[in-house]
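J.: Following is a predicted model, sequence given first.
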Amino acid sequence: LGSFALAWAKKGPSRAAEGGGREGTQRRGRALAMAPLPPVIAAIFRVAAVATPILGRAFVDAYRQAMINAAANGAKAGAFKAQRMSQIEAAKILNIKTPPPEGEILERSTTIYEANDPAKGGSKYIQEKVELARRILLEKYPDQGGGAAEAPKE
């Protein structure tokens, strides 16, 4: 009964009765008719098709509300501002004690800055951190040498 039903669906009622079962359709070079999707899979596709736009709108609305809340709390304006390095962190970067001995800030910053020269395999990031630490400590201890605008020589 199964091969007769497939042949009937493929050829129509008149040719199916001629004995054109499954074997007959393959001999003639025709492909068999594809079976319909099982009802469970079809139901899953229908649910996904209905739920996708609903979930998309929900995510967009949630994002908008999060941005409104962030703006109300002032988080959006200052979320990505770089925080200033503390004097304690600056002293740790230069490996000096506070208050530093005379000339220690410039001496340590120059040594570390030159040791991290990118041309010698060093790190530009570390050089920038050392430079920032030097400026912060020279702001607090301006008598430590040469003024805050002077940078280490490469």
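T.: Received it, and whenever you're ready, just let me know what you need. Residues are numbered from 1 along each chain as shown.

J.: which helices and strands sit right next to the longest helix seen in the chain?
T.: Using DSSP state H to define each element, the chain has its longest helix at helix 39-73. Helix 39-73 is packed against helix 75-78, with contacts defined by 3 or more Cβ pairs under 8 Å, 6 or more residues apart in numbering; DSSP states H and E. C-beta: built from backbone N, CA, C; applies to glycine.

J.: Quick one: mean pLDDT over the helix it packs on.
T.: For helix 75-78, mean pLDDT rounds to 50.

J.: What degree of burial does residue 136 show, as a neighbour count?
T.: 21 (other Cβ atoms under 10 Å).

J.: Wait, it touches residue 88, no?
T.: No: here residue 136 does not reach residue 88: they are 10.1 Å apart, not a contact under Cβ atoms under 8 Å.

J.: Need phi/psi at residue 95.
T.: phi 60, psi 50 (degrees, to the nearest 10).

J.: Show the contacting residues for it.
T.: Residues near residue 95 by Cβ atoms under 8 Å, 6 or more residues apart in numbering: residue 108.

J.: The same query, at a cut-off of 6 Å, please.
T.: Contacts here follow Cβ atoms under 6 Å, 6 or more residues apart in numbering; on that basis residue 95 touches nothing.

J.: ok, now how distant is it from residue 69?
T.: From residue 95 across to residue 69, the span is 43 Å (Cβ to Cβ, to the nearest Å).

J.: can you check residue 140 too?
T.: From residue 140 to residue 69 the distance is 38 Å (Cβ to Cβ).

J.: The two: who's more crowded?
T.: Using other Cβ under 10 Å, the more surrounded residue of residue 140 and residue 69 is residue 140, with 15 against 11.

J.: Which residue, other than its chain neighbours, is closest to that one?
T.: Take residue 140 and drop its neighbours on the chain: the residue closest to it by Cβ to Cβ, 6 or more residues apart in numbering is residue 87, 5.7 Å away.

J.: That concludes my questions; thank you for your assistance.
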